[in-house]
Structures are given as structure tokens and as C-alpha cells.
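Chemist: can't give you the sequence, but here's the structure:
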Ligand code: ADP
Ligand code: MG
């Protein structure tokens, strides 16, 4: 094998790996030496010196080193055995413990008994536990004899910790990486153009790759991580910028004129003036729609900021020009509500509207579809499912997608492929912090409604006991108002939670809220039942609505002035903020009660954030900080980004730099054909061409 083949060498031929372990590596997508080198550590442990054990920190991981004073194996339970060694760690005794399941057929501690004998010097790494006698006890995770030939890989240095799969240990992976990293070093290529390396003062790729596994100092680790994170973000931003430029190059082949024959009477119907923010945003949208290339715009605006009438304005512009529009909602309840809003604001206008959802019966559905096909319907309202067929409508030129905070990159790409010339307006009330917006919506233009309509009150929020919250419910109902009582439901299908919501409903009706008109709504109900209950509540026919978070988005009942959120500590910040947005919809003062006994500092901080702020963007930033991007976005969406080393929170400044550099690179070399950009071009193609179906460098 020539040395240049090393990177392609299958992992099983590395010393100490072999075919069985190669399978375990495969589960981590590591098949070759190159893959192994790109399997970055998930953390690093400082084992340069033994931990100072004079200040014990229970449960934390420590590193101890000392001469073995004595060692013995003991029985620790019916099936457990224990190996115990006492070390002299710089004069202080330390007890190291290994627990194992006993075996009838062999001695599980055979190798420990052989190696760990009095007089030998031993390193142990593990978590500390309080011991009865006040001495230090360490539950050992890794141990090394100080004079073992490979001890230097594992101790007396900063040590990498890897993501593992069954059949692998830290020791094994670490030694595998160690055994190839030096040999591979001269073969590693630089992918970034030299000018960029200089201007951003980046560590070169071979050095960075070596140091990410075995850094010689914390400083070297920081620059290696920074360099690799930057590169990862740069490639992602290149993909975004390219994609965006490619959309801008599409010619729609039709033009818009602002005629106002519908827009003017619509504004008359509204009965209110647009806010400054609405006027500005409508302007931005109209400008996009009139442009020769298709619009892909994200409209973000806090709950209650008035996104619906902005969407309607865009839809009417399409209709004024003889085209069709689709208005898509994430739930049937919301689709119903949008239909009602459209009917109300478009009363007396010559605009044909239809609802298409899974509830519409087959016969009616096909009638609507054929009317759509013939162009007799101007605006169709429905759930996302509709989009699959909606794009078949011959004159459909605008799709508005409401409340789609979980809309992924891939879904967007699919949509765009279905109709390259259609305008897309995506609306969300989950304010995405700017750094995430750059990473997630790099292909979108963003408009922001940063102003609430006048007279909108923000709900006063309290962290209160249940009794106090229910008193408020009774008080408001007595005054002719309505109330929501919400129970957490982590997943729509979670039966356990559903049962508890039902049980609570019965309990409230029989006890604390006896005499009030209480109804129950949850996600597992058939659609028409949900609609019936929701409509009855909107019409004031029931006073209290016990609900799972199906009501999270969009519901607009101005007479509802109280919300009680039970077990509020079980909701995420964004959900709590969304839920709270269901009240304070009218001019009436409203209040939100968070009933919760938060058990973790994070849960407490979530509650405190909600009580202290009603600004969706601030809450979004806080949410991101508390949960990290993975959870904030949901695994599916975050997985789409599949970043191996960059952290969208910590590396926000790097992301901004990468964005800038990506634009500049593509300004100077639109298809990355210059030789110095070849490395980036290859990476871009291999990482994004298939994944997002968007990077066309041909
Ligand atoms: P969201 O942005 O949360 O979707 P909506 O579009 O549902 O908000 O608007 C919330 C409420 O505010 C609706 O009842 C809507 O009719 C009303 N509204 C929207 N814009 C204005 C405005 N400029 N002045 C007064 N009320 C408005
Ligand atoms: Mg809305």
C-alpha cells in the first residue's frame, strides 16, 4: 500500500481494530482512516496533572495517580463483584473501585488482579463518591499503569473523549486515532484558499486535525476547534448563498401590477389601520412579488403582531393579477379559523374562497379540486397536506405557509422544486435568534413584524399556585370572560398525558370549577369534533376550555382573558410563549398563570423568563441558550444541518464571518472554479449537493 492510500485504508486494518470492531466503527459511519480522523471528539478531559483532591467535588470526574498500597476483590451483591485498590496519591489515600457483574465461568477481574499489585504506579479516572470514612472514593471509568507502553496516549495530556457505539471503548478509539494521526499528517490537504487562511488567521488543516484529537495545550485546542468550525460553517454558508443566488436567477415569466381593485376595498373592510411594521412588511413582500424572480420570504412576527392580514394582502395581490393563492395552516382548527377570517375581511369582494382539508368529504373535495383546476377558485385554505396537490393548480402563483416553525430545509427545497416560479411566503411566530436564522434560513429573505397593533395588551404573567389560578378563572368567568386551562402533552400520541388531561378535566368539572361550563379539546379528537368544540368556545357557548397544546398556534378568541398552564415546567419556553399568545387578543386586560413546581434550575429560569418578559425575541434567545440549538430546533431540523463541530450558539461570530466570506468568495468566483477554491468546491459538492438538492455547480 502506498502511503497516499492510507486515508482510504479500511479501518479494520488498523492495529487493534480488526473486523469485529470495524463493524462497531461502521455504526458511527467510520469506515476508513479518513473517516476516523474526521470523527471529532465530543469533549476533552484535562489529564495533564492529577486533580487536586483536597477539595472533593462529589460526582465530578477526577484524575488520580499514585502507588498501589493494597488491592483485593470482594463480593458486592448477589451478582456484583467489586475490585478495590487503595492508592497513595501524594500522601493522601484514595480508594479506587471497579464494579462488575459476576460470572460463573471466568474471573472478571483476572487482568486487574494481574496488573494492579502493590508498588505499581496507577492512574485512575472516574467520578468521586462520598465514602463513609471520609476518604476519597473513585468509581473508575478508565485506568492505566503509569509504565504501560501506551499510557502516554491516555494520561499526562489533554485527552479526547469520543462518541461511541456498542463494542467500542474510549481507550480503543483513542488508541486507533493515535496510531494513525502522525502517519496521516503529511497526507492531509488544505481545503481553504490561502488568502482566507491568512485573513482569518486560521490554523492549517493538518495541524488543526491533529490538535483536535491530541491538543498540546488548551490554546491549541481552541484554535483547532475554531478553524474546523469555521470551515464547516463556511461550506454551509456557501451552500446557502449559492442556493439563494440560483433562485434569484430564475425568471418567473409573469409580472404583477398593483391594481387595488381588491386591495382597496379589503382595507376598508378591516376596520383598522395597518401598523407601521405591517405597512413596511407588505411593501417588502409586494416588491418581491413584482420582481422577475420568485419570492422566498420568511415573515416572522410575535404572536398577535398581525401576520394574517399581511398574508391576505399578498394573496389579494395575486388574485388581482388573475392568479391563485394557497393559504396553508399546520392544523385543521387553524385552517378553519383562517377561512372564517378570510370570509370576514373579504366580505362583499368578488373573491372565491374554498377550504380543503382532510375533513372535506371525497365528493366535495373533487368538486373543489376541479374548480381549482379550472381557475374558478381564487384562494384555497387548507392544511399543509394540501400542498402536495395544490401545486397542480394551473394558476397557483403564491403559497403562504402559516406558523411553520418546524419547516425544514429539505421541505423547502422540495416545495421549490415543485414549482420553481411560485412565490413563497413562510410565516412564523417562533422568533428565531439571528444566528440560527442565518444557519437555517440562509435561502430566505426575512421580514419582521416588530410592533404589536395598538391596544393589544400583553398578558400579565404569574407563577402561582393552582388554587389562586382557578380563583382567577372563576372571577373572570363571573365577569363574562372565558378561560383556557392547558395541560402539557409532549407528543400528540402520548396516551398517558392525554389520560391525565381527561382526568383533570373531570376533576375540575366536578370540583373546583363546578357550575361552570367547561369543555375539553385535545389533539387525538376527530377533526370535526375539534372544530365543533372550538367554534362553540369562540361563540361563547362554553366558558372554560381545558386543552392540550393543540391550541398553541393561531387560535383567536378575544373574550378569553385568562390562561392557566398546568405543569408549566414541562413546556419549552417557545411553547409557553406561544400558548400565552392565545390571550390578550383583544383590548381586555388578561393574565396568564404558570402552575409549576420546577425541579431544575433551568425549569425555574424558564418560568422566571416568562414572568419577566413578553418579548418573543428575548424569549427565543433565552430558550436557545437554555436548550442549545439541537433541542431548540428539534432533532429533525437540527439534524438537517448536521454540524459535526460548530456550535450555533458559541460560534455565532464565526458564522457571521463565514457568511461574509462565502459571499465574497462567490462574488469573485461564482462556481468556485479557481484552483485555490477546488478544495471547498469538492467539500460543498460532497456535503450539500445531495442533501439539500440545491448546490448546482455545473
Ligand atoms: P398573528 O401574527 O399572531 O397571526 P393575527 O394575524 O391573528 O396575529 O392578528 C391578531 C389580531 O390582531 C387579529 O384579531 C387581527 O385581526 C388583529 N389585527 C391585525 N392587525 C391589526 C391592526 N393593524 N390593528 C388592529 N388589529 C389588528
Ligand atoms: Mg397567526
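Modeler: It's in. Note that this is a predicted model, so its numbers are computed, not measured. Ligands and ions are numbered 1, 2, ... in the order given.
Chemist: Count residues in the vicinity of residue 199, would you?
Modeler: 12 (other C-beta atoms under 10 Å). The way it works is simple: take the backbone N, C-alpha and C, and place the C-beta from them, glycine included.
Chemist: For it, give its distance to ligand 1.
Modeler: In this view, residue 199 and ligand 1 are 42 Å apart by C-beta to the nearest ligand atom, to the nearest Å.
Chemist: Run through the strands of the stretch 351-500 of the chain in chain order.
Modeler: With strands called from DSSP state E, counting those that start in this stretch, the stretch 351-500 of the chain shows them at 353-356, 379-383, 396-401, 423-428, 445-449, 460-463, 482-486.
Chemist: Pipe the ones you listed into JSON lines and attach mean pLDDT per row.
Modeler: Converted to JSON lines, the strands of the stretch 351-500 of the chain look like this (pLDDT from 0 to 100):
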{"stretch": "strand 353-356", "mean pLDDT": "92"}
{"stretch": "strand 379-383", "mean pLDDT": "91"}
{"stretch": "strand 396-401", "mean pLDDT": "92"}
{"stretch": "strand 423-428", "mean pLDDT": "91"}
{"stretch": "strand 445-449", "mean pLDDT": "91"}
{"stretch": "strand 460-463", "mean pLDDT": "94"}
{"stretch": "strand 482-486", "mean pLDDT": "94"}
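Chemist: any chance of these in TSV, plus distance to residue 137 and mean neighbour count?
Modeler: As requested, those are exported to TSV (distance: least, C-beta to C-beta, whole Å; neighbours: other C-beta atoms under 10 Å):
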stretch	distance to residue 137	mean neighbour count
strand 353-356	66	21
strand 379-383	58	24
strand 396-401	57	25
strand 423-428	51	23
strand 445-449	55	19
strand 460-463	40	18
strand 482-486	46	26
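Chemist: For the ones you listed, could you give me a markdown table that also reports distance to ligand 1?
Modeler: Shown next, in a markdown table, are those (distance: least, C-beta to the nearest ligand atom, whole Å):
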| stretch | distance to ligand 1 |
| --- | --- |
| strand 353-356 | 17 |
| strand 379-383 | 14 |
| strand 396-401 | 11 |
| strand 423-428 | 7 |
| strand 445-449 | 7 |
| strand 460-463 | 18 |
| strand 482-486 | 15 |
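Chemist: Just to be sure, residue 209 is in a helix?
Modeler: Yes. Residue 209 forms part of a helix when assessed by DSSP: H, G, I helix; E, B strand; the rest coil.
Chemist: Could you shift the numbering so residue one becomes 23, and keep it that way?
Modeler: Renumbered: residue one is now 23, and that last one reads residue 231.
Chemist: For it, the count of nearby residues, please.
Modeler: 20.
Chemist: And it, what's its pLDDT?
Modeler: Turning to residue 231, the model gives it a pLDDT of 96.
Chemist: what sits against residue 404?
Modeler: 348, 349, 350, 351, 357, 377, 378, 379, 412 (C-beta atoms under 8 Å, 6 or more residues apart in numbering).
Chemist: Excluding chain neighbours, give the residue nearest to the residue of the stretch 173-322 of the chain found nearest ligand 1 in space.
Modeler: Going by C-beta to the nearest ligand atom, ligand 1 is nearest to residue 294 of the stretch 173-322 of the chain, at 3.6 Å. Computed as C-beta to C-beta, 6 or more residues apart in numbering, the closest residue to residue 294 that is not its neighbour in sequence is residue 475, at 6.9 Å.
Chemist: Surely that neighbour and residue 297 touch.
Modeler: Yes. Because the distance of 5.5 Å satisfies C-beta atoms under 8 Å, residue 475 is recorded as touching residue 297.
Chemist: Contacts only, for residue 555.
Modeler: 541, 542, 543, 547, 564, 567.
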